[in-house]
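Trainee: sequence and predicted model, in that order:
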Amino acid sequence: MAKSYSRERALLRDAANSAFGRQRDVLESAGKLLSDLTHLAGRKLVQKTSLAPKKSGIGAFIATGLAVAIVAGAAYVAWQVLRTDDDAWIDDEFDVD
């Protein structure tokens with residue numbers, strides 16, 4: 001029995017090492033691909049970027065104000081939901097005489 005366990009353990013170890021090697025190869029390929037994509041995106045972004053400052057109009061001001069109001073509203077709702085309300089609990093004082 002000990003031989004069968006050691007043989008099975010060796011087979012499992014070999015399978016795990018093989019899977020680890022394949023996983024390492026996939027991660028290396030993914031890292032190289034990500035590096036290439038970020039390099040390519042960075043060159044395209046530099047080409048599209050304008051050095052002249054853009055003038056913002058009234059629409060941008062209204063959109064910013066609306067975004068701030070939405071964030072403030074969401075924060076208020078979250079605060080109301082998560083706050084503790086001590087008056088909501090019923091006291092456990094019973095008169096057992």
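Mentor: Okay, I see it. Since the model is a prediction, treat every value here as computed from it, not as a measurement.
Trainee: same for the longest helix seen in the chain, what does it pack against?
Mentor: Ranked by residue count, the top helix of the chain under DSSP state H comes out as helix 2-48. Using 3 or more C-beta pairs under 8 Å, 6 or more residues apart in numbering; DSSP states H and E, no helix or strand is in contact with helix 2-48. Bear in mind the C-beta positions are built from the backbone N, C-alpha and C, glycine included.
Trainee: where does the chain dip in pLDDT?
Mentor: Per-residue confidence for the chain (pLDDT under 70) gives these ranges: 1, 44-55, 84-97.
Trainee: pick out the residue closest to the middle of it.
Mentor: residue 34 (17.7 Å; C-alpha atoms, centre = their mean).
Trainee: can you tell me how far it is from residue 25?
Mentor: Distance from residue 34 to residue 25, counting by C-beta to C-beta, to the nearest Å: 15 Å.
Trainee: again with residue 41
Mentor: Distance, residue 41 to residue 25, using C-beta to C-beta: 25 Å.
Trainee: now residue 72
Mentor: 49 Å.
Trainee: equivalent analysis for residue 82, please.
Mentor: 46 Å.
Trainee: what about the two, which has more around it?
Mentor: residue 25 (10 against 7; other C-beta atoms under 10 Å).
Trainee: name the residues of whichever strand or helix holds residue 76 that are buried.
Mentor: Counting by DSSP states H and E, the element that carries residue 76 is helix 58-82. Buried residues in helix 58-82, counting neighbours by 16 or more other C-beta atoms under 10 Å, are absent.
Trainee: how far is that helix from where the chain is centred?
Mentor: 22 Å (C-alpha atoms, centre = their mean, to the nearest Å).
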